Structures are given as structure tokens and as C-alpha cells.
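Asker: Provided below for reference: sequence and predicted model.
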Amino acid sequence: MIQTLAVEGYRSLRALTVGLGNLTVVTGANGSGKTSVYRALRLLAEVARDGAVSSLAREGGMRSAVHAGRRTAGPVAVRLGVATEDLSYAIDLGLPQVGPFKLDPEIKSEVVWAGPVLRPSTVLTERTGSRVRTRDDDGAWTTVPLTVHPHESVMALLADPAATPDLFALREQARRWRFYDHLRTDTDSPARRPGVATYTPVLSPTGDDLAAALLTIQLTGDVDALQASVDVAFPGSRVLVEEDDGVCRVAMTQPGLRRALSAAELSDGTLTFLLLAAAAHATRPPDLLVLNEPESSLHPALMPAVAALVASAAERSQVLVVTHAGDLVRALRSADATTIDLVKDDGVTSVAGAGVLDGPAWNWPTR
């Protein structure tokens, strides 16, 4: 479980270190920095999973990602890190030098260490510039005979279960993180169409395979829990998934209607809830489930049902919810969620009411 998330120099997050619980809600007014927290964690996941930083280029490049407020002493950098009880990771991204990849950041340093707090004695893998060294079985440092490209993380080249088990374990952990952001429910959304009846233990980030994911839950998962969540949101309703010759279709029965409504006929809010339910009740629970603004298209009256769905997911996964819906925040607080209330002052995001020393212990590696 992620215990600490640390971000420095990214958009409005000049220096933010927060503790995460098994169920955490990040909230705040529009423009307070919630989306920056979500994007920072997603970027960190992409680096840890694939060793790539190309998503920063799609956001406009390193120069558009760095903190635009008042400069502090030190180099221009975006730093991202997570700490768990077993393994922790931090990466330092700097401005690109002369070359063709002007939107990609240069990786100045990466460190993997044991435990939640960085100390010289706990470092397992250390990358500075193009030089990488790791500890062998006896704890002695070994320099890796490989030059790492400035735009490429060590995760892309060195995560091996035998040679670098710490990198491999960290990468595999990040691959079990799931992010859901503004799932499509428009008329042309693939979630409204029949799908291929294939084993789908995890809903895709886009929700395109909703029918297959629900069919998998129906056949191999906890379908009773799924139906219970639907009943809480829409009393007396049930979700149906039928398979015929390799094609699966989603429908929903509702009290007072003589026939089930197909996915194409469901309201945006109803389809949104089914997408959230498919993610929350996935047959293969993620290590980390991140929901960005799950309240989209939903009536405020459904917030208690969404909170119950999220709390149910938190029994099997660590869950992080990013939202500005007050009704949802209050319902999640009732479910004992850790609440991070963000505010922005003079262009800098911080946790409301938190002092300089109130966050968890965190040390950044040096370049």
C-alpha cells in the first residue's frame, strides 16, 4: 500500500507530501490542484510501469509542467515519489538539453530504497545521470555496465527478477494500479455497444470493454456484490449480461418497465454507475484504484451509493478518489476515508490547515 505521495515542482504543486490511507479522498475547490495530484500519480505510474515519460510531452512538454509560480533556490525540476512499507521510489526530471526531443524531460536521478524513508543504508538502486549502480546479494555496490538514455527510466531496461528484484517488484506493483478518468457515456461510447465475450478481469481505462468485464464478474466474480451495488443506486434494478455466439450485451431491468433496457438506452448517469461498478468489482482487484471525478453525470442523490461502492472496493484494494462533490466527500468521510483538502494560495497548492512539519517524513535524493 502506498503510504506517502510526494510531488515537487509540478504545475501548482511546488512541494506537496501527503499520507495516503487504504481509502483516501482528495478534494478542494476548482483550480485548487486536485487534477495536478491525479496527473502526477498517473505520470509516476507510467514511469514505474513502462519507464516512459512521454505523457509529459503530450501535456505540452517539461516547460509547461514545471511549477510556474515563484522560483525557489535550486535547479528547475519535477520530482515525483511514492513510499510503501517495503519499497519506495523517487525520480527527478529536469529540463531537456539541446537535442531533437525538446518536449521530453531528462531524467537526472532515480532511486529505489527499502522501507518508507530514504537513508543511505536503505538505497537498493541509484541512477545519477547515465550512471546506474545496484546492490548485490552481499549489499555491496555494483555499477551496471550500461549507459541509460537521458529520456529513459531504469524501469525500461533494468527491471529483472534475478538481477534487480527491487526494480522488478516495483514495476509489477505499479502495473497493478488502475486509473479511471471521465469514462465515456456519450451516444457513440463503445460501452453502449455489444462486446466480444472474452475473459476480462479488469475494466479497461476507457471502459470500452464494459460488457465483457460485467460478463466476467457474472461468471467468475462476486456477482451478488455487483447486484447489491446496483440495487443501492437504483432500488429494484438488476444488471443483465447475455452472451450469444461470442457476443455479449448489457441490459438493465428496472421496476415498472416491462422489458430490460439495453446499454444504448440507459441514461448517462446510469451507464456511468455501471462503469464504476465494473471497475470496483473487478474479478482481479488492482493494488491501487484511482477514480478521478467519479461524480460526473451523476445526480447528487447517488453520492451515498457511489461512496458505498468505493468503500466496497476499498475492502480489496487501496482506493484514491479525486472529487469536488461535497456530498460524495461527506459520504466518504463517513466511511472513514482519509481526507486531503487542497487549497491554492498565490499559485501554490497545499493541504488546508497543515503546517510545514505536519506531513509524513520524506527526503529527496540528490542529483
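Answerer: Here it is on my side, so go on.
Asker: quick one: the residue nearest to residue 231 when sequence neighbours are not counted from residue 228, how far?
Answerer: What sits nearest to residue 231 in space, not counting adjacent residues and going by Cβ to Cβ, 6 or more residues apart in numbering, is residue 237, at 6.6 Å. C-beta coordinates here come from the backbone N, C-alpha and C atoms, glycine included. Separation of residue 237 from residue 228 (Cβ to Cβ, to the nearest Å) stands at 11 Å.
Asker: Which one of these two is surrounded by more residues?
Answerer: residue 237 (18 against 15; other Cβ atoms under 10 Å).
Asker: Can you read off the pLDDT for that one?
Answerer: On pLDDT, residue 237 comes in at 97.
Asker: One more: residue 61?
Answerer: Model confidence at residue 61, expressed as pLDDT, equals 73.
Asker: roughly how far apart are it and residue 104?
Answerer: 8 Å.
Asker: Between those two, tell me which one has more neighbours.
Answerer: Neighbour count, other Cβ under 10 Å: between residue 61 and residue 104, residue 104 has more, with 21 against 17.
Asker: helix/strand/coil for the more buried one?
Answerer: Here residue 104 is coil, with the state taken from DSSP: H, G, I helix; E, B strand; the rest coil.
Asker: Can you pull the phi/psi pair for the nearest residue to it once chain neighbours are set aside?
Answerer: Ranked by Cβ to Cβ, 6+ apart and with sequence neighbours excluded, the top spatial neighbour of residue 104 is residue 151, at 4.5 Å. Note on residue 151: backbone dihedrals following degrees, to the nearest 10 are phi -100, psi 10.
Asker: Name the SS class of the residue in the chain sticking out farthest from the centre, please.
Answerer: What lies farthest from the middle of the chain is residue 258; by Cα atoms, centre = their mean that is 40.5 Å. Secondary structure for residue 258, judged by three-state DSSP, is coil.
Asker: Please report how far it lies from residue 192.
Answerer: 21 Å.
Asker: With residue 128 instead?
Answerer: For residue 128 relative to residue 192 (Cβ to Cβ), the value is 50 Å.
Asker: which of the two has more neighbours?
Answerer: More crowded of residue 128 and residue 192, by other Cβ under 10 Å: residue 192, with 19 against 16.
Asker: need the contact list for the more buried one.
Answerer: By Cβ atoms under 8 Å, 6 or more residues apart in numbering, the contact list for residue 192 reads 185, 263-264, 266, 271.
Asker: Could I get the full set of strands for the stretch 201-350 of the chain?
Answerer: For the stretch 201-350 of the chain, applying DSSP state E, counting those that start in this stretch gives strands covering 238-244, 247-253, 261-262, 288-292, 318-322, 338-345, 348-351.
Asker: other SSEs contacting the fifth one?
Answerer: Meaning strand 318-322. If you count contacts as 3 or more Cβ pairs under 8 Å, 6 or more residues apart in numbering; DSSP states H and E, strand 318-322 packs onto strand 23-28, helix 34-50, strand 288-292, helix 303-313.
Asker: pLDDT on the last one, on average?
Answerer: Going back to what we said before, that points to helix 303-313. Averaging pLDDT along helix 303-313 yields 97.
Asker: now do the same end-to-end measure for stretch 40-59.
Answerer: For stretch 40-59, the first-to-last residue distance is 12 Å (Cα to Cα, to the nearest Å).
Asker: Touching it from outside, list them.
Answerer: Residues from elsewhere that reach stretch 40-59, judged by Cβ under 8 Å, 6+ apart: 5, 7, 10-11, 13, 39, 62, 65, 78, 80-82, 89, 91, 93, 101, 103-105, 107, 151-157, 159, 170-171, 173-175, 177, 179, 290, 320.
Asker: mind showing which ranges of this protein have poor pLDDT?
Answerer: The model of the chain has pLDDT under 70 over residues 68-74, 97-103, 356-357.
Asker: Can you pull the phi/psi pair for residue 51?
Answerer: In terms of degrees, to the nearest 10, the main-chain angles of residue 51 are phi 70, psi 20.
Asker: Which positions in stretch 319-338 come out as buried?
Answerer: Buried residues in stretch 319-338, defined by neighbour count with 16 or more other Cβ atoms under 10 Å: 319-325, 327-329, 331-332, 337-338.
Asker: now swap in stretch 212-223 and tell me
Answerer: By 16+ other Cβ under 10 Å, the buried positions in stretch 212-223 come out as 212-218, 221, 223.
Asker: residues making contact with that stretch?
Answerer: 195-204, 226, 239, 241, 243, 248, 250, 274, 278, 281-283.
Asker: just how off-centre is it within its chain?
Answerer: 23 Å (Cα atoms, centre = their mean, to the nearest Å).
Asker: got it, and stretch 27-36?
Answerer: 16 Å.
Asker: what are the C-alpha coordinates of that stretch, in CSV please?
Answerer: Taking Å, rounded to 0.1, in the frame of the first residue of the first chain, the C-alpha atoms of stretch 27-36 are listed here in CSV:
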residue,chain,number,x,y,z
THR,A,27,-10.8,17.3,-2.6
GLY,A,28,-10.9,21.1,-2.9
ALA,A,29,-12.3,23.9,-4.9
ASN,A,30,-12.0,24.1,-8.7
GLY,A,31,-8.4,25.1,-9.5
SER,A,32,-7.0,24.0,-6.1
GLY,A,33,-4.7,21.4,-7.6
LYS,A,34,-6.7,18.1,-7.5
THR,A,35,-6.1,17.3,-11.1
SER,A,36,-2.4,18.0,-10.7
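Asker: Quick check: the farthest pair among the contacts of residue 192?
Answerer: 185 and 264 (11.1 Å; Cβ to Cβ).
Asker: Between these two, which has more neighbouring residues?
Answerer: Between residue 185 and residue 264, counted using other Cβ under 10 Å, residue 185 has the larger neighbour count: 22 against 15.
Asker: I figured the more buried one hits residue 298, correct?
Answerer: No. Contact criterion Cβ atoms under 8 Å: residue 185 and residue 298 do not qualify, at 10.3 Å.
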